[in-house]
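Peer 1: give the three-dimensional model of this entry:
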Amino acid sequence: MKNMYNKKSMSIFLAVMLLVIFAIGCSDGNDSDNDGQPWEFSDQRAKEFITFLVNGDFESAVAMFDRTMSRALSESDLGDLWNEIINRAGAYIEFVEAENYEVDAHYISEVTSRHEITGVTLRVVFDQAGLIAGFFILEFPIL
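Peer 2: Next up is the predicted model:
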């Protein structure tokens, strides 16, 4: 029974990740209405997004998405994805660090957090308006 649950959970997890990757590939770069947002603003928004996930406020988290991400990843799917992360890494303990860089007019923040079992590094990609244009699970580092 447990093995069947793990296979189903992994299938859901992989399906959601494929949707996120698809959304990034399909983005036309025209989802922003307010170009020129300072990158410091996006760094703050990455931490805000992670805080929404930690608090289970998926409605506020998806409100930060651009149109493409909103079509690709629903509030419910984001909740399922976050629950899979928690099942694997354990309950959230604390923020550890963020590494930030810019690629092709997108601001990328890689946020690492400590959890009960292992760490989690997430990549949050922002467009110039500060909207989330991509979201990836990078790794589960040992902290």
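Peer 1: tell me where the model's unsure across this protein.
Peer 2: 1-42 (pLDDT under 70).
Peer 1: A98 - how many residues pack around it?
Peer 2: 17 (other C-beta atoms under 10 Å). Where C-beta positions appear, they are placed from N, C-alpha and C, glycine not excepted.
Peer 1: kindly list the main-chain dihedrals of it?
Peer 2: phi -140, psi 140 (degrees, to the nearest 10).
Peer 1: how close does the residue lying closest to V125 once chain neighbours are set aside sit to L143?
Peer 2: Counting by C-beta to C-beta, 6 or more residues apart in numbering, the nearest residue to V125 once its immediate chain neighbours are dropped is G134, at 3.4 Å. Distance of G134 to L143, computed by C-beta to C-beta, to the nearest Å: 24 Å.
Peer 1: quick one, which of these two is more surrounded?
Peer 2: Neighbour count, other C-beta under 10 Å: between G134 and L143, G134 has more, with 22 against 14.
Peer 1: dump the C-alpha coordinates for the host helix or strand of that one into PDB.
Peer 2: Secondary structure assignment for G134, by DSSP states H and E: strand 132-139. Extracted in PDB, the C-alpha atoms of strand 132-139 (Å, rounded to 0.1, in the frame of the first residue of the first chain):
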ATOM      1  CA  ILE A 132       6.900  34.700 -11.300                       C
ATOM      2  CA  ALA A 133       7.700  33.300 -14.700                       C
ATOM      3  CA  GLY A 134       9.100  30.000 -13.500                       C
ATOM      4  CA  PHE A 135       9.400  27.800 -10.500                       C
ATOM      5  CA  PHE A 136      11.700  24.800 -10.100                       C
ATOM      6  CA  ILE A 137      12.900  22.400  -7.500                       C
ATOM      7  CA  LEU A 138      16.700  22.200  -7.900                       C
ATOM      8  CA  GLU A 139      17.900  19.900  -5.200                       C
END
